[in-house]
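> structure, please.
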Amino acid sequence: MAWTLDARIPLVLVEDEAGLQAALAAGRPAAVLAEAPTPARPGVAQEAFEAAEAHAAACACCAGRPAAAAALDRLFQARVRGQCAWFEQVVALVGSAAGRAQVLAALGGDAVTAARFRRG
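Below you'll find the predicted structure:
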């Protein structure tokens with residue numbers, strides 16, 4: 001019998017506020033990654049990103065990484081530094097195709113994001 005352990009944080013994609021509320025109510029402590037700023041939720045870590053066109057490779061502000069990857073970095077750093085409530089999953093509120101594509105690109109093509117998070 002083979003055992004596998006994937007310690008990466010699961011990331012769930014939802015398209016609307018109803019999906020977000022359902023995912024948050026599912027029981028596991030969660031953080032929110034949103035395509036646009038959302039109202040604050042007490043006790044829930046939140047980060048937002050803009051689903052805009054990617055900058056040129058190796059630009060000074062993001063080094064060519066998707067904004068979603070940078071927002072996930074901020075969530076992860078806040079978690080490990082104890083600057084937010086502990087979370088066991090991230091719920092990504094992405095209402096547009098561009099936002100969804102950016103989160104999926106970060107999970108599939110950004111090495112740091114892929115090492116910390118997995119699609120759940």
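> any low-confidence regions in this structure?
Along the chain, segments meeting pLDDT under 70 span 1, 52-64.
> residue boundaries of the strands in it?
9-14, 30-34, 46-48, 89-93, 117-119 (DSSP state E).
> could the ones you listed go into a markdown table alongside distance to Leu20?
Heads up, the C-betas are built off the backbone N, CA and C, glycines and all. Output for those, formatted as a markdown table (distance: least, C-beta to C-beta, whole Å):
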| stretch | distance to Leu20 |
| --- | --- |
| strand 9-14 | 5 |
| strand 30-34 | 7 |
| strand 46-48 | 11 |
| strand 89-93 | 5 |
| strand 117-119 | 17 |
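> including mean neighbour count and distance to Ala22, could those go into JSON lines?
Formatted as JSON lines, the strands of the chain follow (neighbours: other C-beta atoms under 10 Å; distance: least, C-beta to C-beta, whole Å):
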{"stretch": "strand 9-14", "mean neighbour count": "19", "distance to Ala22": "8"}
{"stretch": "strand 30-34", "mean neighbour count": "24", "distance to Ala22": "11"}
{"stretch": "strand 46-48", "mean neighbour count": "19", "distance to Ala22": "17"}
{"stretch": "strand 89-93", "mean neighbour count": "24", "distance to Ala22": "9"}
{"stretch": "strand 117-119", "mean neighbour count": "17", "distance to Ala22": "18"}
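> which stretches in this structure count as helices?
17-24, 67-80, 97-109, 111-116 (DSSP state H).
> so which of those is the most packed in?
helix 67-80 (a mean of 20; mean count of other C-beta atoms under 10 Å).
> closest one to Arg79 among the strands of the chain?
strand 30-34 (7.4 Å; C-beta to C-beta).
> which helices and strands does that closest one pack with?
Counting by 3 or more C-beta pairs under 8 Å, 6 or more residues apart in numbering; DSSP states H and E, the packing neighbours recorded for strand 30-34 are helix 17-24, strand 46-48, helix 67-80, strand 89-93.
> ok, and what's touching the first one?
Which is helix 17-24. Identification of contacts with helix 17-24 by C-beta atoms under 8 Å, 6 or more residues apart in numbering yields Val12, Val14, Ala30, Val32, Arg41, Val44, Val91, Leu93.
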